[in-house]
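Enquirer: Any chance you could fold what I've pasted below:
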Amino acid sequence: MRFRLRNREGTPVDPVPFFVVAGLAVMLVLSFGPLYGQAIGVGLEYSAAGSIALSFAFTVGAYYRQVWTVRPEFVGVVPAEVRVERLYYLMLVLAVLVVGLAIPLAL
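Expert: Residues are numbered from 1 along each chain as shown. Okay, here's the model as predicted:
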């Protein structure tokens, strides 16, 4: 099955960036949210509900940024080398973020 996401002008857009960003956000929030909630004294039910609500908010934000307002005619404007360099730095930021979130829970 192929997804046909369209922006606000009706132009088809690539859904992969949206699914990657939304998936990573949901993964991080649902992985660490309940743990941090319980660490500060909130019950598991409320921590999980808050994490689900926050992951929904991140998904809506990613949809707005990467599907609804995207302009496909500008996709090729940034050279591939610059995009790969940005991707590399974002992977490093994500790795540091995961380690940084896990350290307080391990102590």
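
Enquirer: can you list the domains in this structure?
Expert: 1-75, 77-107 (automatic domain parsing).

Enquirer: Could you provide those in CSV, with additional columns for mean neighbour count?
Expert: For the C-beta atoms, the positions are set from N, CA and C on the backbone; glycine is no exception. Below are those laid out as CSV (neighbours: other Cβ atoms under 10 Å):
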stretch, mean neighbour count
domain 1-75, 14
domain 77-107, 10
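
Enquirer: Turn those into CSV, columns for mean pLDDT.
Expert: Below are the domains of the chain laid out as CSV (pLDDT from 0 to 100):
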stretch, mean pLDDT
domain 1-75, 90
domain 77-107, 88
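
Enquirer: So which elements touch the strand or helix carrying residue 97?
Expert: Under the criterion of DSSP states H and E, residue 97 resides in helix 80-106. Judged by 3 or more Cβ pairs under 8 Å, 6 or more residues apart in numbering; DSSP states H and E, the packing partners of helix 80-106 are helix 16-39.

Enquirer: next structured bit after the helix it packs on?
Expert: helix 44-63.

Enquirer: now that following helix and helix 16-39, what's the angle there?
Expert: 160 degrees (axes from the mean of the first three to the mean of the last three Cα atoms, to 10 degrees).

Enquirer: just checking, what packs against helix 44-63?
Expert: By 3+ Cβ pairs under 8 Å, 6+ apart, helix 44-63 packs against helix 16-39.

Enquirer: contact partners of the helix it packs on?
Expert: Residues from elsewhere that reach helix 16-39 (Cβ atoms under 8 Å, 6 or more residues apart in numbering): 5, 43-44, 46-48, 50-52, 54-55, 58-59, 62-63, 66-67, 94, 97-98, 101-102, 104-105.
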